[in-house]
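Novice: Take a look and give me a structure for this.
(one chain, ligands or ions: 1)
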Amino acid sequence: MDIKKTKFIWMDGKFVKWKDAKVHILTHAIHYGSAVFEGIHSYKTDNGTAVFRLNDHIERLFHSANALSMKLKFTKQQLKNAIKKLIKINKLSDAYIRPVAYYGYGNIGVFPKDVPTNVAMITVPWEHYYSTNLRIMTSKYARHSEKSSVFGTKLSGNYANSILAMYEARKKGYDEALMLDLNGYVAEGPAENIFIVKNRALITPNSRSALPGITRKSILEISRDTGIRAYEKKMTIKEVKSADELFFCGTATEIAPVVSVDNKKIGNGKAGKITLMIKNKYNGIVRGKDNKYKKWLTYAE
Ligand code: PMP
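Specialist: Residues are numbered from 1 along each chain as shown. The predicted model follows:
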């Protein structure tokens, strides 16, 4: 994915030119992954640019920061306002928004004693991440458990685990990895949640090693509203392989059909009907076409 530059990046309260948005090499987060982040998506709607579930993302950012005992110098409201303003001055509509809070310059040791925290926000134009139906493989790397990290957080350091799984999959010619938890149950993708469709019901793992994603939560709600049974349960890899349909979901990914797991074809090897129906519904909701879900949109202007 090439980075599409925009004019400004927000750093600690200031709108800084793209080329000037730099940090010192002794930034604690570079050495120890002591950062937390979010991935947020905005869309073009008839009423201007709308950010999808902004409040949920900012809540989760603070939950993550709290896990690392990070005290942010900005309130939730200030960060939301900064995102809206950044979208506006960068003249964006369909965009990916990346807030990151990190331990900065101040100490070379692991424990971030007296290390200041910084916050930055990057916005880039965003087109669709995945164009093809995914072929995935089961990773040998287990996803973090509550014994090695904090549930429900997006801690940068945890993503080394995702990178290992992604390299493993790409080196073997797959598009993506599927990660299990320490007990061998299905957790999630390296940066996506997973759903199976079985007998017309949508099912997603309830593993405590998976991030309770905002897209996942939205899909559960949308499905139930649409009259499709949707629930969470402990899931085995066998259930995944015998699913009628399968898809990954996430803020960046949106809804991406998965057509094989470890080379075992899912359904007829094409994107499933229910998957495409949910994807279509989701696309309308994020673009403000569905009045029922306008509560999930925050307009940038
Ligand atoms: N799991 C992981 C590990 C992720 O990084 C993401 C992306 N944030 C997701 C799941 C999907 O979460 P969301 O729908 O909130 O983007």
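
Novice: Skipping adjacent residues, who's closest to Asn133 in space?
Specialist: Val259 (4.2 Å; C-beta to C-beta, 6 or more residues apart in numbering). In this view, the C-beta of every residue, glycine as well, is placed from N, C-alpha and C.

Novice: Ser156 too?
Specialist: That would be Ala35: by C-beta to C-beta, 6+ apart, it lies 3.9 Å from Ser156.

Novice: tally of neighbours for that neighbour?
Specialist: As a burial measure, Ala35 scores 26 neighbours (other C-beta atoms under 10 Å).

Novice: can you check Lys17 too?
Specialist: There are 9 residues near Lys17, going by other C-beta under 10 Å.

Novice: Over to the one 3 residues further on?
Specialist: By other C-beta under 10 Å, the residues close to Asp20 number 10.

Novice: With Ala177 instead?
Specialist: Neighbour tally, Ala177, other C-beta under 10 Å: 26.

Novice: gap between it and the ligand?
Specialist: 11 Å (C-beta to the nearest ligand atom, to the nearest Å).

Novice: Now that residue: which helix or strand?
Specialist: According to DSSP states H and E, Ala177 maps onto strand 176-180.

Novice: Over to Phe151?
Specialist: Going by DSSP H and E, Phe151 is not in any helix or strand.

Novice: Excluding chain neighbours, what is closest to it?
Specialist: Arg208 (5.6 Å).

Novice: Could you do Lys44 as well?
Specialist: Lys44's closest residue in space is Ser93 (C-beta to C-beta, 6+ apart), at 3.7 Å.

Novice: and the one you found, what does it touch?
Specialist: Shown in contact with Ser93 (C-beta atoms under 8 Å, 6 or more residues apart in numbering): Ser42, Tyr43, Lys44, Thr49.

Novice: quick check, it in a strand?
Specialist: No: Ser93 is assigned coil when assessed by DSSP: H, G, I helix; E, B strand; the rest coil, not a strand.

Novice: Mind pulling up the pLDDT for it?
Specialist: With respect to pLDDT, Ser93 scores 94.

Novice: Tell me the spacing between it and the ligand.
Specialist: Distance from Ser93 to the ligand, by C-beta to the nearest ligand atom: 19 Å.

Novice: If we go by neighbour counts, what in stretch 37-45 is buried?
Specialist: Phe37, Glu38, Gly39, Ile40, His41, Ser42, Tyr43, Thr45 (16 or more other C-beta atoms under 10 Å).
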